[in-house]
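Student: Provided below are the primary sequence and the corresponding predicted coordinates.
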There are 2 protein chains.
Amino acid sequence: MDINSVGTVEPQYFTFAAGTDQLLLESGRTLGPVTLAYETYGRLNANRSNVILVCHALSGDAHAAGFHPGETAPGWWDAMIGPGKAFDTEQYFVVCSNVIGGCKGSTGPSSFNPQTGKPYALDFPMITIADMVNAQRRLIDFLGIGKLFCVVGGSMGGMQALQWASAYPDRVRAAIPMATALKQSPQQIAFDEVIRQSIMADPDWRKGNYYEHGQPNKGLAVARMIGHITFMSDQSMEEKFSRKLKNGNYSFTFADDFEVEGYLRYRGDNFVKRFDANSYLYITKAMDYFDLSDGLFLPGVKATKTRFFVISFTSDWLYPPYQSQEIVRLLKRRRIAATYCDLKSTYGHDAFLVEVEEETRLISSFLGNIKASLSPQFVPAGEERLLRSIAK
Amino acid sequence: MDINSVGTVEPQYFTFAAGTDQLLLESGRTLGPVTLAYETYGRLNANRSNVILVCHALSGDAHAAGFHPGETAPGWWDAMIGPGKAFDTEQYFVVCSNVIGGCKGSTGPSSFNPQTGKPYALDFPMITIADMVNAQRRLIDFLGIGKLFCVVGGSMGGMQALQWASAYPDRVRAAIPMATALKQSPQQIAFDEVIRQSIMADPDWRKGNYYEHGQPNKGLAVARMIGHITFMSDQSMEEKFSRKLKNGNYSFTFADDFEVEGYLRYRGDNFVKRFDANSYLYITKAMDYFDLSDGLFLPGVKATKTRFFVISFTSDWLYPPYQSQEIVRLLKRRRIAATYCDLKSTYGHDAFLVEVEEETRLISSFLGNIKASLSPQFVPAGEERLLRSIAK
C-alpha cells in the first residue's frame, strides 16, 4: 500500500425515513426506510468546513478510495483521493455515498421491501437525480455538515453535483461537474433505452422478479457491452485494439476473432457478477429524466455564490464538450462564477477516471484558490490536528 | 407515380455454381448452387458500356428503384436512380443485386441447403465482402458485361465498390465509394459484435435453428435499435426528437416516455418482420473481416485506370470522414485518380441515403466527365434507341 493511500476503509451505513417521515420522491411516491452506504476519508475539521462530497457515476459505488479489508483493488477514484492527491485527505474530509436505486449497500430495487417481505424488484419507485441528491442531503445533515466545501462528480456524478448546486445553493461552496450535461440528450436516452431493452428482452429478467433465480446474465452483459463502447473513443479503441486478432487468423466462425470482441465479452460477463440488472434500469432512467436546462438557478432566484469548475474531455462523444459548454453558458448568463476546461484526451468518456495528472493540477489549484479566499474560516484537517494537540 | 420513376419493376434471379463448379470462398469453403436476386433499370447500350452497378448496404436488397407491383414504397435509392436522376436511366443501365449471405432472394443462411434439405442456418459458410463481389461478378459475366462504367455504394456498398476496383481493376471504369472505409475499425467491429451478441443472447435464436419456430424477435429488435443509433447523428436526433415526450409527462415507469424511445422500439420491431437474424450475423461478420488497407492496388501492381470519387459526410460518426480520407490518401500514394468530397450534412451515416440533391449534382458531373472522356465509345441508351429506330 503506497503512502498516498487512505489505507484500509470500511463502508458505513446510515438509515433514515424508517418511520412515517418517508423520503418524498419527485414522482410523488414515497420511499422508506432508506439506507445509504457511504465511506469517508480524511478528517472533518472543527468548523466542518472542509467537506468534499464525491458523487459516483452509473455503475459506481461508495467505495471511492482506499482498500476494503482483504481486497487488492482500490476504490474507483483512488488516484484522485488521498494524501497529497487532488482531493487531499490531509486537508479535506471526503464523503462518498452510493445512490438510492443502486445495489452497493444503498436502498434499491434489490433491497428488502418491508411491505412484501421480498426484494422490491419493479415495485421500487422510479427515482430521479434530485431524489438521489435529496437522500444524500439527509446523510450530510446526519453528519452535521452545513455547507459542503465542494461537490464533485463525473458523468451521472456530475449531474448530482449540478443538482446539489441547483437545489441547495447555500449549501455548496464549489461544484465540479465533469464529463456531464445539463440534460440527457436524445442520443444518450437512445443508448439507455437500448440498454434497458436488452435487459428486459432476456427471459431470465422475468419482469424484474429474478432474485430467486439469478440475474438475466445475457441481457445484462449485452447492455454493458453497449455501455463500454460509449465509454471509449474511436481513437482509444484504435490505440488499444486496432484490428488485432486473438489467434492470428480469421476463424470464419462467430468466435471472438478480434481482441476488441474478447474485451467486450469479458467486460460484459464480469459486470453481471457485480451489478444488479434492475438497478441498471432504474439508474439509466434517472439519468434520462435529468434536465436542469430550465431549472439551474432560475432567473430571478438570488444569485448563488457557488463557484463552478466545469471540465469536459475532447474525445468524449457520450457527453461531448458542447454539453459542458452549455452548462458554462447558462452559468454565465446567470452571472455565476464558472471556470471551464476542455481537457485534451483520447480516452473518451472514461477520461474523467483516467486523466489524473491534468485533473489533479487543475482541481488542486481551483480548490486552493477557494480555500485561500475563505481563510481563516477554513482550517485544514492537518493544522486542526496540530492545534488540538497543542490544546491538549 | 412521378415521371422520374423507373416505374414498375420485378426482381430477376440468376443461379450459378449449381454443379461441381462451386463458388470458392475466401474461407476455403465452397458454396453452390448460388442464386442472386437482381434488378435492372434503364437499357443496356449496344457496346454494353453504360452499366452502373449499385451495391447495397447491410440490410439493403436488390430493389433499389421503382415499385414492385402492388407496392407503394419505392426501392431504397429511388431518389438517385431514374430518368434525369444522379444515375440517369435515360443514359445508364443500372444493375443492383442482393448480396450472398442476405435474405432478399440471394442465397444466404435462410436458404435451402441441398445437403440437408433444410435451411442452412449456421451451416452456411462464412462469407466476406470479396465473396459477395465474386458472386456479383458472375452475374455481370452472365449479363455479358465486360467493363462496368461505374460501381457505386454507401457503407457496406462502398466496401463492395472498393473490392470491385481492387479485385477487378480492368473491369471498373469508375468507382464511387460513399460513407465507407478501407477497413472496419475496432469501434465498428465492437458495435457489430454487440449486435451479434444481442441476437445470439435470445433463446429464440436456438443456435441459428429457429426457422421452424420464428425469428429471435427480441434480440434482433435490440440489435437493430443499436444500429439505428449509429446511423443517425447526435445533431439529427436532437433535431428530430430532442427531449420530446410522447404523452407530455414522465410516466415514472419503464414505458417509452420519450419520442426517441418510441422511434427505436418501432424500428426494432419492424425490422424483425423483414430481415433474417442469421443474415444479420453473417453480413456484419463480413464487414468486420473487411480490410483493404494493405490490399487496395498493391504497390508494384500496374496502375489502375479506375477513377475514384470518394464521398463522406461531416456528421457520419459510424464511418467518419477520416476513413474516407484514408482511402483517398492510399489512392494518391498509388497515383490513382481520386476526387474527394466531404459533404456537409447533419444526418450522420444515413446521409448517403438522404443528401440526394448534393449527391446528384456531384455524381452527375463526375459521371458526365468520364463519359465525355470516353465518347464516341459511350453511346447513351437514349441515343442508341434513336439510332436503332432510324436503322429500322
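Tutor: Thanks, I have it. Numbering: from 1, shown residues only, chains lettered A, B, ... in the order given.
Student: hang on, isn't A:Pro320 packed against B:Gln235?
Tutor: No. A:Pro320 lies out of contact with B:Gln235 (CB atoms under 8 Å); the separation is 10.5 Å. From N, CA and C alone the C-beta is placed, and that goes for glycine too.
Student: just to confirm, which helix or strand has A:Gly146 in it?
Tutor: Element membership for A:Gly146, per DSSP states H and E: none, as it lies in no helix or strand.
Student: Confirm for me that it is in contact with A:Val172.
Tutor: No. The pair A:Gly146 / A:Val172 is not scored as a contact, 11.0 Å apart, by CB under 8 Å.
Student: Of those two, give the one with the bigger neighbour count.
Tutor: Taking other CB atoms under 10 Å in any protein chain shown, A:Gly146 and A:Val172 do not tie; A:Val172 has more neighbours (23 against 12).
Student: Can you tell me the closest non-neighbouring residue to the residue nearest the centre of chain A?
Tutor: Here the mean C-alpha position of chain A is nearest to the C-alpha of A:His56 (CA atoms, centre = their mean), at a distance of 1.5 Å. Excluding the flanking residues, the one nearest A:His56 by CB to CB, 6 or more residues apart in numbering or on different chains is A:Gly157, at 5.3 Å.
Student: got the contact list for the one you found?
Tutor: A:54-57, A:60, A:178, A:180 (CB atoms under 8 Å, 6 or more residues apart in numbering or on different chains).
Student: What strand or helix carries it?
Tutor: Using DSSP H and E, the element containing A:Gly157 is helix A:156-167.
Student: And the pLDDT at the nearest residue to A:Phe112 once chain neighbours are set aside?
Tutor: Nearest non-adjacent residue to A:Phe112, counting by CB to CB, 6+ apart: A:Pro119, 6.5 Å away. For A:Pro119, the model assigns a pLDDT of 98.
Student: got it, and the one 5 residues further on?
Tutor: With respect to pLDDT, A:Phe124 scores 98.
Student: What's the separation between the residue nearest to it when sequence neighbours are not counted and chain B?
Tutor: Spatial nearest neighbour of A:Phe124, chain neighbours left out: A:Pro109 (3.9 Å); criterion: CB to CB, 6+ apart. Noted for A:Pro109: a distance of 11 Å to chain B, by CB to the nearest CB, to the nearest Å.
Student: For stretch A:59-76, measure first residue to last.
Tutor: 10 Å (CA to CA, to the nearest Å).
Student: buried set for it?
Tutor: Residues A:59-67, A:74-76 are the ones in stretch A:59-76 that count as buried (16 or more other CB atoms under 10 Å in any protein chain shown).
Student: In this model A:Ala46 seems to touch A:Phe378, though I could be wrong.
Tutor: No. Between A:Phe378 and A:Ala46 there is no contact under CB under 8 Å: 10.6 Å.
Student: Would you mind naming what in the stretch 51-200 of chain A lies close to chain B?
Tutor: Taking CB under 8 Å from any CB of the partner chain as the contact definition, the stretch 51-200 of chain A meets chain B at A:122, A:125-126, A:183-187, A:189-191, A:193-194, A:196-198, A:200.
Student: Now restrict the residues you listed to buried residues only.
Tutor: By 16+ other CB under 10 Å, these give A:125-126, A:183-187, A:189-191, A:193-194, A:196-198, A:200 as buried.
Student: related to what we said a few turns ago, comparing A:Phe378 and A:Ala46, which shows the higher neighbour count?
Tutor: Neighbours per residue (other CB under 10 Å) separate A:Phe378 from A:Ala46, with A:Phe378 holding more: 18 against 11.
Student: Where does the prediction get shaky in the stretch 1-150 of chain A?
Tutor: Low-confidence segments of the stretch 1-150 of chain A (pLDDT under 70): A:1-2.
Student: helix or strand for the closest residue to A:Tyr168 other than its chain neighbours, which one?
Tutor: Using CB to CB, 6+ apart and skipping residues adjacent in sequence, the residue nearest A:Tyr168 is A:Arg137, 6.5 Å away. For A:Arg137, the element it lies in under DSSP H and E is helix A:129-142.
Student: returning to what we had before: and the helix holding A:Gly157 with helix A:129-142, angle?
Tutor: Counting by axes from the mean of the first three to the mean of the last three CA atoms, to 10 degrees, helix A:156-167 lies at 70 degrees to helix A:129-142.
Student: Which helix or strand lies directly C-terminal to helix A:156-167?
Tutor: strand A:172-178.
Student: helices or strands next to the helix or strand just after that following strand in the packing?
Tutor: Moving toward the C-terminus from strand A:172-178, the next helix or strand (DSSP H and E) is helix A:186-201. If you count contacts as 3 or more CB pairs under 8 Å, 6 or more residues apart in numbering or on different chains; DSSP states H and E, helix A:186-201 packs onto helix A:217-231, helix A:277-289, helix B:186-201, helix B:217-231, helix B:234-240, helix B:259-274.
Student: still on that earlier bit, of A:Pro320 and B:Gln235, which one has the most company?
Tutor: With neighbours defined as other CB under 10 Å, A:Pro320 and B:Gln235 compare such that A:Pro320 has more, 20 against 17.
Student: I'd like to know how far that one sits from A:Asp342.
Tutor: Counting by CB to CB, to the nearest Å, the gap from A:Pro320 to A:Asp342 is 10 Å.
Student: quick one: common contacting residues for these two?
Tutor: Counting by CB under 8 Å, 6+ apart, the residues touching both A:Pro320 and A:Asp342 are A:Ser312.
Student: number of nearby residues for A:Thr8?
Tutor: Count around A:Thr8 with other CB under 10 Å applied: 12.
Student: one step back: in the buried ones among the residues of the stretch 51-200 of chain A next to chain B, find the pair that's most separated.
Tutor: A:Pro125 and A:Gln187 (27.2 Å; CB to CB).
Student: mind checking pLDDT for A:Leu296?
Tutor: 76.
Student: contacting residues for it?
Tutor: For A:Leu296, counting by CB under 8 Å, 6+ apart, the contacting residues are A:162, A:165-166, A:182, A:327, A:330-331, A:334.
Student: any idea which helix or strand carries it?
Tutor: With DSSP H and E as the criterion, A:Leu296 is inside neither a helix nor a strand.
Student: Verify the stated contact: A:Asp291 with A:Ser185.
Tutor: No. With contacts defined as CB under 8 Å, A:Asp291 does not count as touching A:Ser185, sitting 10.1 Å away.
Student: Could you tell me which residues touch both of these two?
Tutor: B:Arg243.
Student: tell me which residues in the lengthiest helix in chain A are buried?
Tutor: Looking across chain A with DSSP state H, the single longest helix is helix A:356-374. Applying a neighbour-count criterion of 16+ other CB under 10 Å, one finds A:358-360, A:362-364, A:366-367, A:370-371 buried in helix A:356-374.
Student: Now tabulate those residues in a markdown table and tack on pLDDT and distance to chain B.
Tutor: Shown next, in a markdown table, are those (pLDDT from 0 to 100; distance: CB to the nearest CB, whole Å):
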| residue | pLDDT | distance to chain B |
| --- | --- | --- |
| A:Glu358 | 98 | 24 |
| A:Glu359 | 98 | 25 |
| A:Thr360 | 98 | 29 |
| A:Leu362 | 98 | 26 |
| A:Ile363 | 98 | 28 |
| A:Ser364 | 97 | 33 |
| A:Phe366 | 98 | 29 |
| A:Leu367 | 98 | 32 |
| A:Ile370 | 95 | 33 |
| A:Lys371 | 93 | 38 |
